[in-house]
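Trainee: give me the fold of what follows.
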Amino acid sequence: MGGQPKALMQLGGRRIIERVLDALRASIDDVLVVTNTPELYAFLGLPMIADVYPDHGSLGGIYSGLKAAAGQAAFTVACDMPFLHPDVVGLVTRRAGEGDVVIPRVDGQLETMHAAYSKSCLPHIETYLSARQLKITGFFERVRVVEIPEAEIARLGDPHRVFMNVNTPGELERARALAARLSI
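Mentor: Next up is the predicted model:
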């Protein structure tokens, strides 16, 4: 993205992270931002923590947020998902107590950055991080995973839009066009 943080890109008149936060606020009371550049996100007025394991990818971010979370579970979401749907967030968070990981599956893929993780995952994640194994699903064999099927998500919103993320300039342009077409 030309060295610019994806979360701060404009889409439909707002930064992507602001769109994410709007969707979270309907279901989440305590929001915590995991970042190693807190000065970029100070305008949000939210608590922030640094990665416990810097340069350990998304799994390191999940671990850091989960470890710092006040409750027994945390919903994690990527900062580059501009069409996050409040009802889908609510679905996942309401089911958080059903397993150690509660996670949607769409097109055969687990949506690891739109899932609820229990604190019971922490020692398993830490083992993987210590070994520099960064694949999020790597520790899943050691915990109870509850999958939310695509059909359940589809009742609330288009799964391909809900889980769309923006990683490249081309994806950003597609997201901008979609937001303009849908007036969202």
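Trainee: go through the lengthiest helix in the chain and flag the buried ones.
Mentor: Longest among the helix segments of the chain by residue count, using DSSP state H, is helix 169-182. Across helix 169-182, burial judged by 16 or more other CB atoms under 10 Å covers 171, 172, 175, 176, 178, 179. The way it works is simple: take the backbone N, C-alpha and C, and place the C-beta from them, glycine included.
Trainee: swap in stretch 25-34?
Mentor: By neighbour count on 16+ other CB under 10 Å, the buried set for stretch 25-34 is 27, 28, 32, 33, 34.
Trainee: and of those residues, the nearest to residue 155?
Mentor: residue 27 (16.4 Å; CB to CB).
Trainee: which parts of the chain are helices?
Mentor: With helices called from DSSP H, the chain shows them at 16-24, 38-41, 57-68, 86-94, 122-130, 150-154, 159-162, 169-182.
Trainee: just put these in a markdown table and tack on distance to residue 107.
Mentor: Below are those laid out as a markdown table (distance: least, CB to CB, whole Å):
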| stretch | distance to residue 107 |
| --- | --- |
| helix 16-24 | 21 |
| helix 38-41 | 31 |
| helix 57-68 | 19 |
| helix 86-94 | 15 |
| helix 122-130 | 25 |
| helix 150-154 | 7 |
| helix 159-162 | 8 |
| helix 169-182 | 16 |
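Trainee: residue 144: which of these is closest?
Mentor: Nearest of the helices of the chain to residue 144, taken as CB to CB: helix 122-130 at 11.3 Å.
Trainee: what is that closest one packed up against?
Mentor: In this structure, helix 122-130 makes packing contacts with helix 57-68, judged by 3 or more CB pairs under 8 Å, 6 or more residues apart in numbering; DSSP states H and E.
Trainee: residues in contact with the helix it packs on?
Mentor: 32, 34, 49-54, 56, 74, 76, 78, 112-113, 117, 119, 121-122, 125-126, 128-129, 134-136, 138 (CB atoms under 8 Å, 6 or more residues apart in numbering).
Trainee: go again with 6 Å.
Mentor: Contact partners of helix 57-68, identified using CB atoms under 6 Å, 6 or more residues apart in numbering, comprise 32, 34, 49, 51-53, 74, 76, 117, 125, 129, 134, 136.
Trainee: just stretch 78-98 next, same as before
Mentor: So stretch 78-98 is contacted by 6-7, 11, 16-17, 19-20, 23, 26-27, 73, 75, 102, 113, 116, 146, 153, 156-157, 161-162, 164-166, 175 (CB under 6 Å, 6+ apart).
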